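Novice: generate coordinates for the sequence data below:
(one chain, ligands or ions: 1)
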Amino acid sequence: VGEYADESGAPVLVMSRRGYPMSRVPGFDPPASLRSRCPVTTVSLRHGQRASLLTSYGDVRAVLRDHGRFSSDPSSPGYPQLRPVVDRKPAPGSFLVTDPPEHTRYRRLLTGEFTVRRMEKLRPSIERITRTHLDSLLGSASPDLVADFALPIPSDVICLLLGVPVSDRAFFSSRSRAHHDRTLSADAVQAALDELHSYIEELVRSRVRSPGDDLISRLAAELTVDEVVGMTVLLLVGGHETTANSIALSVLALQESGEWDALVADPSLVDSAVEELLRYLSPVHQGVVRAVTGDAVVSGESLAPGDGVVASLFAANRDPSVYPSPDSLDIRRRARGHLAFGDGVHQCIGQTLARMEMRVALQALVERAPSLRIAVPFSSVSFRFNAPIYGLHALPVTFSAPR
Ligand code: HEM
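Specialist: Numbering: from 1, shown residues only. Below is the predicted model:
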């Protein structure tokens with residue numbers, strides 16, 4: 001991926017001793033300490049908190065699979081805080097930050113909603129949504145791949161999935177995209193998010209009053225209103241920006257690496273390209289955090305209850321012992337087993353949907369807009385780091401011969 005700079009000009013990726021880039025977590029120790037202490041490195045987070053940064057594929061996978069000794073509950077002592085904590089108490093239903101058996105109870109209600117069969121049923125709608133946004137991208141006088149294509153696709157898809165009425169989609173999308181909008185003040189963003197929350201709560205209450213054949217109605221039959229709201233917000237937050245970033249970053253990475261032309265020449269490579277892009281980009285780049293709740297030894301380092309770990313998905317996916325030449329994007333690589341969706345009980349529940357959205361979007365682009373090029377030099381591409389994920393503010397593109 002190279003070494004990027006954020007808006008303040010600070011380096012974002014550093015090279016570790018073993019040669020793979022790692023994402024910068026605000027407040028991390030300087031690169032020298034990473035180099036000397038790989039693959040388990042002590043890092044300092046906000047407020048002087050220390051945590052162990054795990055960077056090898058084997059360690060990251062082992063920790064994610066061991067929910068008994070590595071907790072996702074932010075109230076566990078030592079749980080690493082990667083961003084300022086506004087409200088330590090997660091909303092009920094937000095099962096990403098719970099452990100079994102609570103986690104199992106919530107997650108079980110959703111597994112049937114995200115099966116391959118369910119997602120295949122959504123495919124025609126995803127293709128239609130993608131076509132619509134590609135038409136506007138191709139018709140735009142100043143096409144921006146982020147605003148015109150990568151952001152609205154997952155937003156429309158999540159509306160469909162949640163059963164947001166068509167008449168409300170513009171409101172819903174604009175509020176859920178507000179935190180991308182650099183023209184808004186912090187107060188305006190907060191106001192938009194409050195409106196979104198109220199909207200979701202009202203939507204849930206209306207489904208309680210008159211249930212339909214949609215996800216929210218099914219959840220509302222089993223859970224309290226607050227729990228359904230918490231779960232809905234989790235799906236929205238978890239499924240929207242991650243997928244949008246993945247689509248935009250994929251186009252950039254394909255263009256930068258020259259693999260765009262390979263995909264144009266053979267669009268049937270799209271499935272393997274998407275796996276490789278997920279590995280290479282690792283959109284949840286800072287990785288996932290866990291609190292240690294039982295004695296454990298990771299790459300020879302002893303961890304005890306009260307310690308915190310940051311499992312770097314990015315670094316794990318660039319482990320040369322698993323992926324030779326890990327810093328090269330090779331769309332023919334068999335990138336199976338990458339950890340971009342995590343692993344263990346919390347492994348991304350929306351991964352089948354995310355893969356489908358990425359495949360449909362990239363295939364449509366290479367087939368209908370093979371002449372697409374990035375309209376600005378790489379050094380002007382504006383990255384956005386919204387811990388723990390990263391993406392692009394905008395990606396101006398040109399087409400010499402749109403179809
Ligand atoms: C969990 C990544 C798309 C919903 C996760 C986790 C990762 C991840 C790494 C595990 C977090 C952990 O272990 O603490 C991604 C990426 C995506 C994506 C890279 C896009 C390319 C989606 C979509 C949805 C979704 C489309 C839903 C519509 C969730 C939920 C969880 C989750 C609800 C929590 C699962 C649990 O705790 O059991 N995702 N995700 N994600 N993701 Fe995704």
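
Novice: going by C-alpha atoms from here, please, whenever you check contacts or count neighbours.
Specialist: Fine.

Novice: the helix or strand containing Glu276 and the ligand in contact?
Specialist: Assigned by DSSP states H and E, Glu276 belongs to helix 270-281. No. Residues of helix 270-281 are not located near the ligand by C-alpha under 6 Å from any ligand atom, the shortest gap being 6.9 Å.

Novice: just the CA coordinates of that helix, formatted as CSV?
Specialist: What follows is helix 270-281 as a C-alpha-only set of coordinates in CSV (Å, rounded to 0.1, in the frame of the first residue of the first chain):
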residue,chain,number,x,y,z
VAL,A,270,-13.6,-10.7,-10.0
ASP,A,271,-14.1,-13.2,-7.2
SER,A,272,-10.4,-13.9,-6.6
ALA,A,273,-9.7,-10.1,-7.1
VAL,A,274,-12.1,-9.3,-4.3
GLU,A,275,-10.5,-11.8,-1.9
GLU,A,276,-7.1,-10.4,-2.7
LEU,A,277,-8.3,-6.8,-2.3
LEU,A,278,-9.8,-7.6,1.1
ARG,A,279,-6.5,-9.1,2.1
TYR,A,280,-4.4,-6.3,0.7
LEU,A,281,-6.5,-3.4,1.9
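
Novice: quick check: mean pLDDT across that helix?
Specialist: Throughout helix 270-281, pLDDT has a mean value of 95.

Novice: low-scoring stretches of this protein, by residue?
Specialist: 1-39, 43-48, 82-90, 179-182, 385-388, 401-403 (pLDDT under 70).

Novice: and the longest helix anywhere in it, what's buried?
Specialist: Ranked by number of residues, the top helix in the chain under DSSP state H is helix 225-257. Neighbour-count burial for helix 225-257 flags 225-236, 239-254 (criterion: 16 or more other C-alpha atoms under 10 Å).

Novice: residues contacting the helix holding Glu276, please?
Specialist: 1, 246, 249-250, 253, 263, 314, 317-318, 326-336, 338-340, 355, 358-359, 362-363 (C-alpha atoms under 8 Å, 6 or more residues apart in numbering).

Novice: and those, which of them are in helices?
Specialist: Ser246, Leu249, Ser250, Ala253, Leu263, Phe314, Arg355, Met358, Arg359, Leu362, Gln363.

Novice: grab the nearest non-local neighbour of the first one.
Specialist: Nearest residue to Ser246, sequence neighbours excluded (C-alpha to C-alpha, 6 or more residues apart in numbering): Pro283, at 6.3 Å.

Novice: and what of the second one?
Specialist: Ranked by C-alpha to C-alpha, 6+ apart and with sequence neighbours excluded, the top spatial neighbour of Leu249 is Gly391, at 6.5 Å.

Novice: excluding its backbone neighbours, what's nearest Arg169?
Specialist: Arg169 sits nearest to Cys159 (C-alpha to C-alpha, 6+ apart), 6.8 Å away.

Novice: where's that neighbour, which helix or strand?
Specialist: Going by DSSP H and E, Cys159 is part of helix 152-162.

Novice: Val40 is in contact with Leu53, isn't it?
Specialist: Yes. Using C-alpha atoms under 8 Å, Val40 is in contact with Leu53, at 5.6 Å.

Novice: more neighbours, these two?
Specialist: Comparing Val40 with Leu53 by other C-alpha atoms under 10 Å, the one with more neighbours is Leu53, at 26 against 22.

Novice: give me the three-state assignment for that one.
Specialist: Under DSSP: H, G, I helix; E, B strand; the rest coil, the three-state class of Leu53 is strand.

Novice: hang on, the earlier thing: count the residues that sit near the residue nearest to Arg169.
Specialist: Cys159 has 18 neighbours, counted by other C-alpha under 10 Å.

Novice: and the nearest residue to His240 once chain neighbours are set aside, how many neighbours?
Specialist: Counting by C-alpha to C-alpha, 6+ apart, the nearest residue to His240 once its immediate chain neighbours are dropped is Pro154, at 5.4 Å. Applying other C-alpha under 10 Å, we find 28 residues neighbouring Pro154.

Novice: contact partners for the residue in the stretch 1-150 of the chain that the ligand sits nearest to?
Specialist: Closest contact between the stretch 1-150 of the chain and the ligand, by C-alpha to the nearest ligand atom, is at Leu96 (3.2 Å). By C-alpha under 8 Å, 6+ apart, the residues touching Leu96 are Ser72, His103, Leu234, His346.

Novice: which parts of the helix or strand harbouring Thr130 are buried?
Specialist: Using DSSP H and E, Thr130 maps to helix 116-139. Buried residues in helix 116-139, counted by 16+ other C-alpha under 10 Å: Met119, Leu122, Ile126, Glu127, Ile129, Thr130, Arg131, His133, Leu134, Leu137, Leu138.

Novice: could you dump these to CSV with distance to Ser380?
Specialist: Below are those laid out as CSV (distance: C-alpha to C-alpha, whole Å):
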residue, distance to Ser380
Met119, 37
Leu122, 37
Ile126, 31
Glu127, 31
Ile129, 30
Thr130, 27
Arg131, 28
His133, 25
Leu134, 24
Leu137, 21
Leu138, 22
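
Novice: near the ligand, which residues of the stretch 251-400 of the chain?
Specialist: Contact residues (C-alpha under 6 Å from any ligand atom) of the stretch 251-400 of the chain with the ligand: 283-284, 288, 340-342, 345-351, 353-354.

Novice: for PyMOL, write the select line for the buried members of those residues.
Specialist: Only the buried entries of these go into this PyMOL selection, using 16+ other C-alpha under 10 Å:
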select buried, resi 283+284+288+340+341+342+345+346+348+349+350+351+353+354
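
Novice: farthest pair within the residues of the stretch 251-400 of the chain next to the ligand?
Specialist: The largest distance within those, taken as C-alpha to C-alpha, falls between Val288 and Leu353 and amounts to 20.6 Å.

Novice: what packs against the helix holding Thr130?
Specialist: Helices and strands touching helix 116-139, by 3 or more C-alpha pairs under 8 Å, 6 or more residues apart in numbering; DSSP states H and E, are helix 152-162, helix 351-368.

Novice: run through who's touching the shortest one.
Specialist: Pointing back at helix 152-162 there. Residues outside helix 152-162 that contact it (C-alpha under 8 Å, 6+ apart) are 126, 129-130, 133, 165, 169, 173, 214-216, 232, 236, 239-241, 243-244, 357.
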